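In: coords below, sequence missing:
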């Protein structure tokens, strides 16, 4: 299968890049399944139902969220109505929605998508992500119930993301990090066949501070004081993510590429 994962969508610029470019990419690259992390799509904090609908309509098969999953309060109800949106497995026991689900791709093939929140350097203490992901992978073995498996590890520390990659090696098609908005240059296939990248980057304006207009973050770093709320930068956005091809029998990765489309980080197609 041909799988595409796109990193955190940030604000209007990120949404526009998705809606304008993803339909064409889906057709030109003959993509079988697309996952988009949308947790910063609405004003940089969470995602609204309307913006979620727009990204899904543009060609995403699944939206993952993150620690800002419910910053837009309407998502508390909408996620129960829209099975294509996932919140983290270990967000909170009482949280609405699900953290993993089997989806149907082309030809009736099944794709498992799961997301977990890391614990290192995060503002809240979340439950153990490793045991949460392990339970899901055991219930949906790769090459059996799932022809492909994508794990979104949403956290600050690259070490924690890499540990999750090795924890899932041989049991997932792709483990990819999100949350830090900066793409890493370590796309690789691990020893047991799982595709891995520490961070997919963001779908947003890179002439910014991780997607936000530069003025306020710089003020806070330089003076130690905040004056205004953070707002997303609205220049031309780059779509950033990870492209993986999998073996039809095993579900393991056979090819992996970083993806950069448009904006300041344009790169070659897969």
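Out: Received it, and whenever you're ready, just let me know what you need. Computed from a predicted structure; not experimentally measured.
In: output the below-cut-off pLDDT ranges for this protein.
Out: Across the chain, the ranges flagged by pLDDT under 70 are 268.
In: residue closest to the middle of the protein?
Out: With distances taken as C-alpha atoms, centre = their mean, residue 37 lies nearest the centre of the chain, 3.4 Å away.
In: any idea how far residue 114 is from that residue?
Out: As defined by C-beta to C-beta, to the nearest Å, residue 37 lies at a distance of 13 Å from residue 114. Every residue, glycine included, has its C-beta placed from N, CA and C.
In: ditto for residue 241
Out: 17 Å.
In: wasn't residue 20 part of a helix?
Out: Yes: counting by DSSP: H, G, I helix; E, B strand; the rest coil, residue 20 is located in a helix.
In: distance of it from residue 81?
Out: As for residue 20, its distance to residue 81 is 27 Å (criterion: C-beta to C-beta).
In: give me the more crowded residue out of the two.
Out: residue 20 (13 against 10; other C-beta atoms under 10 Å).
In: how about that one, what does it touch?
Out: By C-beta atoms under 8 Å, 6 or more residues apart in numbering, the contact list for residue 20 is empty.
In: what segments of the stretch 151-270 of the chain are helices?
Out: Taking DSSP state H, counting those that start in this stretch, the helices of the stretch 151-270 of the chain run over residues 158-168, 215-223.
In: what residues sit buried inside the longest one?
Out: Within helix 158-168, the residues that qualify as buried by neighbour count (16 or more other C-beta atoms under 10 Å) are 160-165, 167-168.
In: and it, how far from the chain's centre?
Out: 15 Å (C-alpha atoms, centre = their mean, to the nearest Å).
In: remind me what it packs against, helices and strands.
Out: helix 129-139, strand 148-154, strand 174-178 (3 or more C-beta pairs under 8 Å, 6 or more residues apart in numbering; DSSP states H and E).
In: pretty sure residue 253 sits against residue 244.
Out: Yes: assessed by C-beta atoms under 8 Å, residue 253 is found in contact with residue 244 at 5.2 Å.
In: the closest residue to residue 158 other than its chain neighbours: neighbour count?
Out: The shortest distance from residue 158 to any non-neighbouring residue, by C-beta to C-beta, 6 or more residues apart in numbering, is to residue 198 (4.8 Å). By other C-beta under 10 Å, 24 other residues sit near residue 198.
In: am I right that residue 198 is in contact with residue 160?
Out: No: the criterion here is C-beta under 8 Å, and residue 198 misses it with residue 160 at 9.8 Å.
In: thinking again about what came up before, to residue 123, which of the helices and strands packed on helix 158-168 lies closest?
Out: The stretch from the helices and strands packed on helix 158-168 with the least distance to residue 123 (C-beta to C-beta) is strand 148-154; that distance is 12.7 Å.
In: the residue nearest to the centre of the chain and residue 239, how far apart?
Out: Residue 37 is 12 Å from residue 239, by C-beta to C-beta.
In: overlap in contacts of the two?
Out: Joint contacts of residue 37 and residue 239 (C-beta under 8 Å, 6+ apart) are residue 6.
In: what's around residue 264, how many residues?
Out: Residue 264 has 13 neighbours, counted by other C-beta under 10 Å.
In: nearest spatial neighbour of it, skipping sequence neighbours?
Out: Closest to residue 264 by C-beta to C-beta, 6+ apart is residue 206, at 4.6 Å.
In: how much space between the one you found and residue 237?
Out: Per C-beta to C-beta, residue 206 is found 8 Å from residue 237.
In: neighbour count winner among those two?
Out: Neighbour totals were compared for residue 206 and residue 237, and residue 237 leads with 33 against 24 (other C-beta under 10 Å).
In: which element, helix or strand, includes residue 51?
Out: With secondary structure defined by DSSP states H and E, residue 51 is part of helix 49-57.
In: mind listing what's buried in that helix?
Out: By neighbour count with 16+ other C-beta under 10 Å, helix 49-57 contains the buried residues 49, 51-52, 54-56.
In: one more: stretch 173-187?
Out: Those would be 173-181, 183-184, 187, for stretch 173-187 by 16+ other C-beta under 10 Å.
In: again with stretch 135-149
Out: By neighbour count with 16+ other C-beta under 10 Å, stretch 135-149 contains the buried residues 136-137, 140, 142-143, 146-149.
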